[in-house]
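Undergrad: predicted coordinates and the sequence they were generated for:
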Amino acid sequence: MNTVQLVLISGGMLVLLILLYSAFAGPNVAKASQRRLQQLRFRHSESTDAKVESQLKKAIAARKPKQYRQAGSESRIAALALRLDRTGKNWSLSQYAYVSLGLVIVTAVLLYLQSGSLALALAVGIFLGAGIPHLAVNMTISRRTAQFNAKFPDAIELLVRGLRSGLPVTETLGVVAQEIPGPVGQEFKSIVERIKIGRTMEESLQETANRLNIPEFNFFCITLAIQRETGGNLAETLSNLADVLRKRSQMKLKIRAMSSESKASAYIVGALPFVVFTMIWSINPGYVGGFFTDDRLIVTGLGGLVWMSIGAFIMAKMVSFEI
């Protein structure tokens, strides 16, 4: 048994132990106790704010999908199709599969011709073929979500002006679809089209909310649902919601500015080993050529990549804040 096989077996056993621990560890006791205390506080509180907060928490929990919660779908294929739809591009599952397979083949062939190690070439090819398209889709979704959140308060303000002028809600939705450019106008246009073919406004809004999975739009849908049940001035409620969303966006910008130095440091520290390795390889290929041929150096390099990935993940969590 050579070194590579020993490392692969050890890594497989470690992954198996982690999966077994995750399967039998059970829920977090501290979080469960905190949830029970919050439920008791909501149940016995006389405060209106506490009761409204309880209703919002129940509504949000009811809207969460049961499986594949990050993607909001029932199967992995449907989850991937939904993620591709959230990009706003006309990307299909077949195109995604072809791009991933092409990256795997090209990377594996080039690395095999350079190193002669089939296992290393396949491992790196599969890693890049699965990772690069996934990151590209995530970046596109994040960019479109940012564009949506930037214009969404303006759309709500336009709704408020339409309601105060006497227009019904469905008419104001059509005005928003025509006047607001970008993703907001596209999504509201799809809502108006569904209403025109006989769907209710609640169903149309909920379908868009499930597809977008944007908290700001979920707040909007929950606000409309609560207002229909409790009554009140819808224009005033939406005006307050627009003000809350603007303050939320300002808080995100402040957090981004405060964490920009940490992010820049993380990017520099993470990219420096690869930059140095590439420079040395271009100057003296024989000096680092053993990382592609020697089993011990291959294992050392893979171990370094794993530890760097863990460090990058920890730094990303340290500078990521939920609002």
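TA: The structure has been received and is ready for your questions.
Undergrad: only C-alpha atoms for contact and neighbour calcs from this point on.
TA: Noted.
Undergrad: poorly predicted segments of the chain, please.
TA: In the predicted model, the chain carries pLDDT under 70 at residues 1-74, 115, 321-323.
Undergrad: which parts of the stretch 151-300 of the chain are helices?
TA: With DSSP state H, counting those that start in this stretch, the ranges of helices along the stretch 151-300 of the chain come out as 169-179, 183-196, 201-212, 215-230, 234-258, 260-283, 285-288, 295-318.
Undergrad: and the fifth one, what's buried?
TA: Residues of helix 234-258 classed as buried under the neighbour-count rule (16 or more other C-alpha atoms under 10 Å) are 234-235, 238-239, 241-242, 245-246, 249, 255.
Undergrad: ok, residues contacting that helix?
TA: Contacts to helix 234-258, defined as C-alpha atoms under 8 Å, 6 or more residues apart in numbering, come from residues 149-150, 153-154, 156-157, 159-161, 163-164, 216, 220, 223-224, 227, 321, 323.
Undergrad: cool, stretch 261-277 as well?
TA: With C-alpha under 8 Å, 6+ apart as the criterion, stretch 261-277 contacts 288, 308, 312, 315-316, 319.
Undergrad: mind giving me the PyMOL command for buried ones among these?
TA: In PyMOL, this line selects whichever of these come out buried by 16+ other C-alpha under 10 Å:
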select buried, resi 312+315+319
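Undergrad: I'd like the contacts of stretch 261-277 laid out as TSV, including distance to Leu103.
TA: Shown next, in TSV, are those (distance: C-alpha to C-alpha, whole Å):
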residue	distance to Leu103
Val288	24
Met308	23
Ala312	23
Met315	28
Ala316	26
Val319	31
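Undergrad: of the contacts of stretch 261-277, closest to Tyr112?
TA: Nearest to Tyr112 among these, counting by C-alpha to C-alpha, is Val288 at 16.1 Å.
Undergrad: surely that closest one touches Met279?
TA: No. Using C-alpha atoms under 8 Å, Val288 is not in contact with Met279, being 10.5 Å away.
Undergrad: follow-up on the earlier one: what about the contacts of helix 234-258, which are in strands?
TA: Among the contacts of helix 234-258, none falls in strands (DSSP state E).
Undergrad: among those residues, name the buried ones.
TA: The neighbour count (16+ other C-alpha under 10 Å) marks 149, 153-154, 156-157, 159-160, 163, 216, 220, 223-224 as buried among the contacts of helix 234-258.
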